[in-house]
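[1] Below are the sequence and a predicted model for it; my questions follow.
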Amino acid sequence: MASVSDNYVKMLYKRYRHFAAWLPNTNVQLGDVGFIRGMYFKRISTLKLLGVDFTMRVGKKPLVFNDDLTAGLEMRAKAAGEIAVGTTLPVAEAGVSIDFADKGAFVFHAVNCYADEIENKEGLGKKLIALGNKWDLGWAVVDTIVRAGSATILVANEGKSRIELTAKSDVVVSNLAKPGLGLEVASKNGDVTQFLAEKGLTPLFRLSWFHHSWTEWLLGQRKQLYFGGEISRGRQPKVPILQEVTLDLQEIET
């Protein structure tokens, strides 16, 4: 059975074609450099530390993530003054009870999200090649981050877990990340990792790295190097995450 973290990062990648930060409060920044291990990114340096500058394109249109991607979830909201049978939520307060039937089930809600990215990826690829031995071709660079204005992330570390949350105002179960909702834990059964309306998280990001095309690997003709992302390392993507940049190795060598 997949681990809790494996389930989280794989399902978010499948849904959004973005890597997911694990733990969810990991500070991921544009220009972070590191290795890809499965669906995980391990930072070892930054472009700044390597002496590589870049221009950032700042996201201007807000995004909302309010999909509950996993089975085995049941969320029930209650209004202030309402009796919620089967819960310990105070009658006078609004709130929500969340039942996780399965280990690894999670809630991922984020609002006021903005996607920032490196402006010139082609230029970045050429700068990295120019580093020579200072750049390991197995490294990847964070080229896009999603900044969440407010995010509520709940992950069940064991099955048959429950968490009950009180709120300052009525709850809409599709938007538990709403700023000012004032979520607080009223009770909890089982092991649940929780981030309640946290500000400043970077829960999703994208990566670029160097690779040869799958066709060139098969033919043994590795004349071109691609800088970009793909669905699975070592395979040509069916749907590219971003437009790949082609660099002619013969031109670079001369």
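    That came through fine.
[2] Would you map the helices across the stretch 151-254 of the chain?
    Remark: helices assigned in the stretch 151-254 of the chain by DSSP state H, counting those that start in this stretch are 214-219, 249-253.
[3] rank those by pLDDT, which is bottom?
    For the helices of the stretch 151-254 of the chain, the weakest mean pLDDT is recorded on helix 249-253, namely a mean of 36.
[4] Now residue 128: phi and psi?
    Dihedral pair for residue 128: phi -70, psi -40, per degrees, to the nearest 10.
[5] how far away is residue 67 from residue 12?
    9 Å (C-beta to C-beta, to the nearest Å). Every residue, glycine included, has its C-beta placed from N, CA and C.
[6] SS state for residue 133?
    Under DSSP: H, G, I helix; E, B strand; the rest coil, the three-state class of residue 133 is helix.
[7] Could you do residue 29 as well?
    Secondary structure, three-state DSSP: residue 29 is coil.
[8] So what's the residue count around it?
    Residue 29 is flanked by 14 other residues according to other C-beta atoms under 10 Å.
[9] Isn't it up against residue 202?
    Yes. Under the criterion of C-beta atoms under 8 Å, residue 29 makes contact with residue 202 at 7.2 Å.
[10] Need the residues touching each of these two.
    Shared contacts of residue 29 and residue 202 (C-beta atoms under 8 Å, 6 or more residues apart in numbering): residue 145.
[11] about what we covered before: higher neighbour count, residue 67 and residue 12?
    Using other C-beta under 10 Å as the criterion, residue 67 and residue 12 rank with residue 12 on top: 24 against 14.
[12] got a list of what the closest residue to the more buried one other than its chain neighbours touches?
    Residue nearest to residue 12 in three dimensions, not counting chain neighbours: residue 20, with 4.0 Å by C-beta to C-beta, 6 or more residues apart in numbering. Shown in contact with residue 20 (C-beta under 8 Å, 6+ apart): 8, 9, 12, 13, 39, 203, 204.
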